[in-house]
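**Q** here is the input, now give the coordinates:
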Amino acid sequence: MQRVLLTLGGSWPQGGELKGDLGQVPYGNLLRDQLEFDQFYNYGSPGASNEDLLYQLQMFIKLHWNMLDNVTAIIDLTNPARTAHLPKNTSLSVLTPERKHWPDDAKQFVKDFVLHFHSEEHTIMRSSTAVTALQTWCDYHNIKDYYFSDTVRYTSWLPGVDTSRMWKECKETAADWLGATNNNGEHVIDVKDNPYIKPNFAHPNQLGHQLIADKLSAWIYPKDYKTS
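**A** The predicted model follows:
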């Protein structure tokens, strides 16, 4: 039996803005070493949505899951406004140059779609659906799953979501741990002097990833990996 660590999410677990040529690594690598996991798989991907995490988990299950392994998944919830149902980097603005020739009724359709898709009710439904699926699949495959949010504070979940698997129901974020408490939804802001982020634009530096790893280690170790 192997002890396997799995990280899912967006650019934070992926290691956005870290300098690999200088030996910098994301928190998953640090956590693997701290808790002495035998195997580590990082599926973090820049710009990933919570819905993309479903594909990430299924990819791990398809390629690497073994029923005899002891698997822990650390799942980074991203900006809930993102979606896997549109091509990456697709703009929903009616003001982009390629849509100048659109008639007014087509532009109005896009406006109505955006208002519906990003309504609070719809966003809560999509996030809750994604997490419920992740938790169900993890239960089925005997994967211990832990959830935290990188930048966006989640204020509400639908009944049926097991918030006990989340760091403070995702109302406190990893960015909060770093003192990067302001964000524009997509990334943290006002961080040019933050010691856990500078000189990066909006992602943790190596010191920041170490702090995240330490937080996660203290959270999951007593529950699942404390030895006599």
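**Q** for Pro103, grab phi and psi.
**A** phi -70, psi 160 (degrees, to the nearest 10).
**Q** what's the spacing between the residue nearest the centre of the chain and Leu115?
**A** The residue lying closest to the centre of the chain (Cα atoms, centre = their mean) is Asp76, at 2.7 Å. Distance of Asp76 to Leu115, given as Cβ to Cβ, to the nearest Å: 28 Å. All C-beta atoms are positioned from the backbone trio N, CA, C, and that covers glycine.
**Q** before we move on, what about Asn194?
**A** Counting by Cβ to Cβ, the gap from Asn194 to Leu115 is 34 Å.
**Q** have a look at those two and say which one is more surrounded.
**A** Asn194 (19 against 10; other Cβ atoms under 10 Å).
**Q** who's in contact with Arg3?
**A** Leu35, Glu36, Phe37, Asp38, Gln39, Asp69, Asn70, Thr72, Tyr225 (Cβ atoms under 8 Å, 6 or more residues apart in numbering).
**Q** Thr72 contacts His141, correct?
**A** No. The criterion here is Cβ atoms under 8 Å, and Thr72 misses it with His141 at 12.0 Å.
**Q** and these two? Which one has more around it.
**A** Thr72 (23 against 17).
**Q** Three-state assignment for the more buried one, please.
**A** Following DSSP: H, G, I helix; E, B strand; the rest coil, Thr72 is assigned to strand.
**Q** measure the nearest residue in space to it that is not next to it in sequence to Met67 for me?
**A** Leaving aside its sequence neighbours, Thr72 sits nearest to Lys144 (Cβ to Cβ, 6 or more residues apart in numbering; 4.7 Å). As judged by Cβ to Cβ, Lys144 and Met67 stand 14 Å apart.
**Q** higher neighbour count, these two?
**A** Taking neighbours as other Cβ under 10 Å, Lys144 and Met67 compare with Lys144 leading, 17 against 8.
**Q** how far does the lowest-mean-pLDDT helix or strand in the chain sit from its chain's centre?
**A** Using mean pLDDT, DSSP states H and E, the weakest-scoring helix or strand in the chain turns out to be helix 104-117, at a mean of 87. Centroid separation for helix 104-117 versus its chain: 28 Å, with Cα atoms, centre = their mean, to the nearest Å.
**Q** elements contacting the helix or strand just after it?
**A** Proceeding N to C from helix 104-117, the next assigned helix or strand is helix 120-140, under DSSP states H and E. Helix 120-140 sits against helix 52-63, strand 70-77, strand 143-149, with contacts defined as 3 or more Cβ pairs under 8 Å, 6 or more residues apart in numbering; DSSP states H and E.
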